[in-house]
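Student: give the three-dimensional model of this entry:
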Amino acid sequence: MSDSLPQEVDARERITRYLTNPDWLNTKTSHITPQAFKPASPKPPVRPIRRTSIYRTEGCSEQDIWLIGDECVTKQHAQQLSILARADISAQAITEEDLLIVPEPRPHYRHGNIEMWPEDEVQRQAKALSLARKAKLFVKS
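Tutor: Take a look at the predicted model:
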């Protein structure tokens, strides 16, 4: 794997959201809940805006996708989070919701955030629901 990506996210890119909360998915129905995509609340100055952490996994093997999650999500949080599954979605599906994918190369060069979430909770919920419906669930074995 190369250690860099273009700054501009291609609409066809696969975007991965790692799922660490059991309330974010239903393995029996392969259902992803809107909470899986909802942004973390702002906590200035550390997190001044609403954003959802994602990884740009286009061109990665299945093994590499899970490895990124283990290295960057599980280990970054001192084993407090374990990855249960992932939600894969196209970059286009995100931008169609008038949301923005912003590369943020820490803790990994493939890391980024979904930003430009509306202030209104009902609108945020609607966008998160749309993303959850368009994403495909992959449960970690």
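Student: all strands of the chain, in order?
Tutor: Using DSSP state E, the strands of the chain run over 14-19, 25-26, 31-32, 52-56, 85-90, 100-103, 111-115, 136-139.
Student: which of the ones you listed is buried the deepest?
Tutor: With neighbours taken as mean count of other CB atoms under 10 Å, these reach their highest mean count in strand 14-19, at a mean of 23. C-beta: built from backbone N, CA, C; applies to glycine.
Student: helices and strands around that strand, which ones?
Tutor: Here strand 14-19 touches strand 52-56, helix 62-69, strand 85-90, helix 91-95, going by 3 or more CB pairs under 8 Å, 6 or more residues apart in numbering; DSSP states H and E.
Student: pull the contacting residues for the residue lying closest to Thr27 once chain neighbours are set aside.
Tutor: Computed as CB to CB, 6 or more residues apart in numbering, the closest residue to Thr27 that is not its neighbour in sequence is Val139, at 5.4 Å. Shown in contact with Val139 (CB atoms under 8 Å, 6 or more residues apart in numbering): 25, 27, 84-85.
Student: returning to that earlier point: any chance of the helices and strands packed on strand 14-19 in CSV, plus mean pLDDT and distance to Arg124?
Tutor: Shown next, in CSV, are the helices and strands packed on strand 14-19 (pLDDT from 0 to 100; distance: least, CB to CB, whole Å):
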stretch, mean pLDDT, distance to Arg124
strand 52-56, 97, 10
helix 62-69, 96, 24
strand 85-90, 98, 17
helix 91-95, 98, 14
